[in-house]
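K.L.:
pasting the sequence and the predicted coordinates here, then a few questions.
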Amino acid sequence: MSCVSRALIPPRWPTDRVRLLRAAFRRKILAPRLLYETPAQSRKWLAVHRRWSPAAAARGRRLYRAAFRGIARAAPRAVRVISLGCGSGAKDRDLLEALRHRGVHAAYCPCDVSPSLVGKAAAACRRAALGGCRPLVADLAAPLAPAAFARRLNRLPFPRTPRIVLFLGMLPNFDPSRARRILRAVLRRGDLLVVSANLLPPGKLAERRVMTQYDNRETRAWLLELPRALGWPAHAETLSFRWGRASERRGPRRIEVRYRAAKHPPRLIFFSNRHTRTQLRAFVRALGARAPRLLTTTAGDEGVAWGNVRARGAARRRPSERLSRAAREALKLSIKARRRRASARSEPFRRA
């Protein structure tokens, strides 16, 4: 752990964690970082991931290796790999190994809210990262964190090195609009963006199968670490699992977990978005990546999409993208009408 930068971005290392947790429980939704901060939470989350995540299954590992081989074939001779939400670093290690196999000199910058997970990722990937390892602990969900993190990246040696920005497995834990804000603050023109997510295959039977990946003993043990730290009831019956939908219009469906106990109002302590193939591709395209590539597992429950960011500050959306669908159609019609009028005015001069 000595290799991990202890300075959070922005600085957040509360001395009274119980006080912070109680304040969080008074709000309707808990910050996702509260589920990963302690070593015990990290260990239990890793147990959930190994047992239930589609990415950890054999089909998921084949998917990521195929995607990383395609990325490595197109990579330049030297790159910087920036992993937002690195977790244990297992996927990052596979990418770095693919780059090393192709002779690519890769520097590695893992980032996560959990110091123990950042330490695991740095230890797992240090050998494969030929260009060195620069771990950072950051809460990217905080309001000012993405911009501060981007400034920190720009101060690293060789700031003009081509970059691969990884957002692997993070999309389910954020509302899509917030995830876009985070990535738009970090991305710059020319970056290769790689996003992965748990997908929702079509059909009612798929929904039941997906629910078993959450409503299980390992997930309950992990989520109950939070109320246990407060001395509140922490038995399996205090958690309820159900399907819901993300807050934004036409957003992905999601699994919602609420904590219910006597004398405590129900609180949403965890959610996991399940995007469709179309939604995952549209998410990457909205960040400035044209014609992104997409691979999925044969079961359709895990997907990886990647593409080069063409526009600087993919952060800024065009004015037409901020309008509703009806307003965009009206705008298109008015533009066509203006073009027809301009063409009619210039017609006499063309004949002459």
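P.N.:
Nice, I can see it. All figures in this text were calculated on a predicted structure; none of them were measured in a lab.
K.L.:
tell me the helix or strand right after the host helix or strand of residue 219.
P.N.:
Assigned by DSSP states H and E, residue 219 belongs to helix 217-223. Using DSSP H and E, the next helix or strand after helix 217-223 towards the C-terminus is helix 225-229.
K.L.:
output that following helix as CSV - backbone C-alpha positions only.
P.N.:
Taking Å, rounded to 0.1, in the frame of the first residue of the first chain, the C-alpha atoms of helix 225-229 are listed here in CSV:
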residue,chain,number,x,y,z
GLU,A,225,-21.5,-4.2,6.2
LEU,A,226,-22.8,-0.6,6.0
PRO,A,227,-25.7,-0.7,8.6
ARG,A,228,-23.5,-3.0,10.7
ALA,A,229,-20.9,-0.2,11.0
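K.L.:
who are the packing partners of it?
P.N.:
helix 17-25, helix 39-52, strand 253-261 (3 or more CB pairs under 8 Å, 6 or more residues apart in numbering; DSSP states H and E). (C-beta placed from N, C-alpha, C; glycine too.)
K.L.:
which one of the ones you listed lies nearest to residue 145?
P.N.:
helix 17-25 (16.3 Å; CB to CB).
K.L.:
quick one: buried residues of stretch 294-309?
P.N.:
Under the neighbour-count criterion of 16 or more other CB atoms under 10 Å, stretch 294-309 has 294-297, 300-309 buried.
K.L.:
circling back: could you dump the helices and strands packed on helix 225-229 into CSV and include mean neighbour count?
P.N.:
What follows is these, written out as CSV (neighbours: other CB atoms under 10 Å):
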stretch, mean neighbour count
helix 17-25, 14
helix 39-52, 17
strand 253-261, 18
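K.L.:
which one of those has the poorest average confidence?
P.N.:
For the helices and strands packed on helix 225-229, the weakest mean pLDDT is recorded on helix 17-25, namely a mean of 66.
K.L.:
which SSE is immediately downstream of the lengthiest strand in the chain?
P.N.:
With DSSP state E setting the assignment, residue counts place strand 264-274 as the longest strand in the chain. Remark: after strand 264-274, the chain's next helix or strand is helix 277-286, criterion DSSP H and E.
K.L.:
and that following helix, what's buried?
P.N.:
Across helix 277-286, burial judged by 16+ other CB under 10 Å covers 277, 279-281, 283-284.
K.L.:
list the contacts of the most centrally placed residue in the chain.
P.N.:
In the chain, the C-alpha nearest the mean C-alpha coordinate belongs to residue 170, at 2.8 Å (CA atoms, centre = their mean). Neighbour list for residue 170: 84-85, 179 [criterion: CB atoms under 8 Å, 6 or more residues apart in numbering].
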